[in-house]
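Novice: Below are the sequence and a predicted model; questions follow.
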Protein chains: 2
Amino acid sequence: MSDRMIRLLLADDEELLRGALSSLLDLEDDLRIVAEAATTTDAVRLADQHRPDVAVLDLEMPPTDGLHAAGQILARADGTPPRIILVTRHARPAVLRRALAAGVSGFVPKSTPAARLAQIVRDVAVGHRYVDPEIAASALTENDCPLTDRELEVLREARTGSPVSDIAAAVHLAPGTVRNYLSSAMAKLGVATRHAAAHKAWEEGWI
Amino acid sequence: MSDRMIRLLLADDEELLRGALSSLLDLEDDLRIVAEAATTTDAVRLADQHRPDVAVLDLEMPPTDGLHAAGQILARADGTPPRIILVTRHARPAVLRRALAAGVSGFVPKSTPAARLAQIVRDVAVGHRYVDPEIAASALTENDCPLTDRELEVLREARTGSPVSDIAAAVHLAPGTVRNYLSSAMAKLGVATRHAAAHKAWEEGWI
DNA sequence: GGGGCTTGATGACATCTGTCATACGGGCTC
DNA sequence: GAGCCCGTATGACAGATGTCATCAAGCCCC
């Protein structure tokens, strides 16, 4: 039996969800949780240590995020890497694209019925991919992020409401340059202040 | 047996969590889920209809929020109202205070182990109150929100990055007055821009 | 009724922001 | 090498923002 068992790593910072999912998945005869993590650091370490068949990672997890952890897990595995399923609350097409590019096998929003998760795990374990149909559809129709890397970078810093001088210091650019980037980002997003731009970019999942 | 059964309403907009919790709690012999909801509107309607003993409500739920729903459920029950347990991701002392004032019986962060939830439900069902010790402690030590109602109101509008003129229109005040309120809010929070003030107030759970 | 407090408003001023034209250097391609 | 983007930087200018002093109206309290 043990070679037909699917060995799982489960990582989510919310104990409530992780605990509930863990019990639920463990009820399945062919699934076994071999490790649980609440941080990305632990997730990467435990994946190294336990070599699970499938890793179910929450996207929103400290200290970095699930996507970052996925990249590390895939990069560090020296044999066959685990298949990775990302679970997320705010399922944005932009993130889906990045996830697939990083080699993730499954992309599941938290609006998925719990009962279906076991089946998705099985599918992914045998090499299939699973992407939530809803998100896939919007990823195909939605227009891409129009912002350049630099624009995104300054917007990220602008999110907390810092003045231009602080942003400039944080990204190592001249204040005037920062204003140029902010200005063009605002124009592209059709808003009147850089804070509105940061807010919008954040809502879209671009930063 | 049926009079010893605790009848539960479970409301959370995340299918994944709601489904997992539902299966988990239903495994307990003395608990039975009688209704599930994904919105506050449904939660209120189903509470009216099914008269559960305990309602477990997520705080972050569309279209309003769990606290609002709790108030409505308590106000509309004409016999003995259901006991209410609020579950939340971002457990902030300010919210805890408002919840207790509204007559909520339990306050549980999502960092609580899933296994403990059943016991909390039982405690609350017999009339006890449960408050997460961690949050209770910070609620007692943490200093209150220093902002006035008006300051909070303008900060709420400032969150999306709107210019002063828009905020003024939204709260029906003169632009100059709005700037005064923003200015004093910024001074109280020790930040340099109104956007930083809005960000901070948001982080603290004040808006 | 007078004094004091609170809420909303106004105007003046310094500073910060957003816009735009422009410039410089490093890679590209031709 | 000439021409051409691209990223970065600067300066100038209008308008928005933050600060502050002040004022009018309403309200409470004695």
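Specialist: Looks like it arrived, so ask away. Numbering: from 1, shown residues only, chains lettered A, B, ... in the order given.
Novice: What about the residue of chain A found nearest DNA strand D, how many residues nearby?
Specialist: As assessed by Cβ to the nearest atom of the strand, DNA strand D sits closest to residue A:176 within chain A, at 2.5 Å. C-betas here are computed from N, CA, C, even on glycine. By the criterion of other Cβ atoms under 10 Å in any protein chain shown, residue A:176 has 9 neighbours.
Novice: Output the below-cut-off pLDDT ranges for chain A.
Specialist: Within chain A, the stretches with pLDDT under 70 are A:1-3, A:139-145.
Novice: Show me how it divides into domains.
Specialist: Residue ranges for the domains of chain A, per automatic domain parsing: A:6-141, A:149-203.
Novice: May I see those organised as a markdown table, with distance to residue B:38 added?
Specialist: Listed next are the domains of chain A as a markdown table, based on distance: least, Cβ to Cβ, whole Å:
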| stretch | distance to residue B:38 |
| --- | --- |
| domain A:6-141 | 9 |
| domain A:149-203 | 21 |
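Novice: Export these to TSV and append columns for distance to chain B.
Specialist: Conversion of the domains of chain A to TSV gives the following (distance: least, Cβ to the nearest Cβ, whole Å):
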stretch	distance to chain B
domain A:6-141	3
domain A:149-203	3
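Novice: The ones you listed: which one's closest to residue B:41?
Specialist: Among the domains of chain A, domain A:6-141 comes nearest to residue B:41, with 17.3 Å by Cβ to Cβ.
Novice: Looks like residue A:147 contacts residue A:188 (just checking).
Specialist: Yes: counting by Cβ atoms under 8 Å, residue A:147 does reach residue A:188; the two are 6.2 Å apart.
Novice: For chain A, which residues are neighbours of DNA strand D?
Specialist: A:148, A:150, A:173-174, A:176-177, A:179-180, A:193 (Cβ under 7 Å from any atom of the strand).
Novice: what's the farthest-apart pair in those residues?
Specialist: A:174 and A:193 (20.8 Å).
Novice: and the longest helix seen in chain A, how far out from the chain's middle?
Specialist: Assignment by DSSP state H gives helix A:175-189 as the longest helix of chain A. Centroid displacement of helix A:175-189 relative to its chain, using Cα atoms, centre = their mean, to the nearest Å, is 27 Å.
Novice: got it, and stretch A:114-121?
Specialist: That offset, for stretch A:114-121, works out to 19 Å (Cα atoms, centre = their mean).
Novice: isn't residue A:158 right up against residue A:182?
Specialist: Yes: the pair residue A:158 and residue A:182 passes the contact test of Cβ under 8 Å, sitting 6.7 Å apart.
Novice: who's more crowded, the two?
Specialist: The residue with more neighbours, out of residue A:158 and residue A:182, is residue A:158; 29 against 22, by other Cβ under 10 Å.
Novice: Return the residues in contact with the nearest residue to the more buried one once chain neighbours are set aside.
Specialist: Take residue A:158 and drop its neighbours on the chain: the residue closest to it by Cβ to Cβ, 6 or more residues apart in numbering or on different chains is residue A:198, 4.4 Å away. Neighbouring residues of residue A:198 by Cβ atoms under 8 Å, 6 or more residues apart in numbering or on different chains: A:155-156, A:158-159, A:207, B:161.
Novice: and those as a markdown table, adding secondary structure?
Specialist: Putting these into a markdown table (DSSP: H, G, I helix; E, B strand; the rest coil) gives the following:
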| residue | secondary structure |
| --- | --- |
| A:155 | helix |
| A:156 | helix |
| A:158 | helix |
| A:159 | coil |
| A:207 | coil |
| B:161 | coil |
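Novice: Return the residues of chain A in contact with DNA strand C.
Specialist: Counting by Cβ under 7 Å from any atom of the strand, chain A sits next to DNA strand C at A:163-165, A:176, A:179-180, A:182-183, A:186-187, A:192-195.
Novice: Pull out the CA atoms of the longest helix of chain A and give them to me as PDB.
Specialist: Extracted in PDB, the C-alpha atoms of helix A:175-189 (Å, rounded to 0.1, in the frame of the first residue of the first chain):
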ATOM      1  CA  PRO A 175      13.400  61.900  -6.500                       C
ATOM      2  CA  GLY A 176      12.700  63.500  -9.900                       C
ATOM      3  CA  THR A 177      13.000  60.100 -11.600                       C
ATOM      4  CA  VAL A 178      10.600  58.600  -9.100                       C
ATOM      5  CA  ARG A 179       8.100  61.300  -9.900                       C
ATOM      6  CA  ASN A 180       8.400  60.500 -13.600                       C
ATOM      7  CA  TYR A 181       7.700  56.800 -13.000                       C
ATOM      8  CA  LEU A 182       4.800  57.600 -10.800                       C
ATOM      9  CA  SER A 183       3.500  60.100 -13.300                       C
ATOM     10  CA  SER A 184       3.600  57.600 -16.200                       C
ATOM     11  CA  ALA A 185       2.000  54.900 -14.000                       C
ATOM     12  CA  MET A 186      -0.800  57.200 -13.100                       C
ATOM     13  CA  ALA A 187      -1.400  58.100 -16.700                       C
ATOM     14  CA  LYS A 188      -1.500  54.400 -17.700                       C
ATOM     15  CA  LEU A 189      -3.900  53.500 -14.900                       C
END
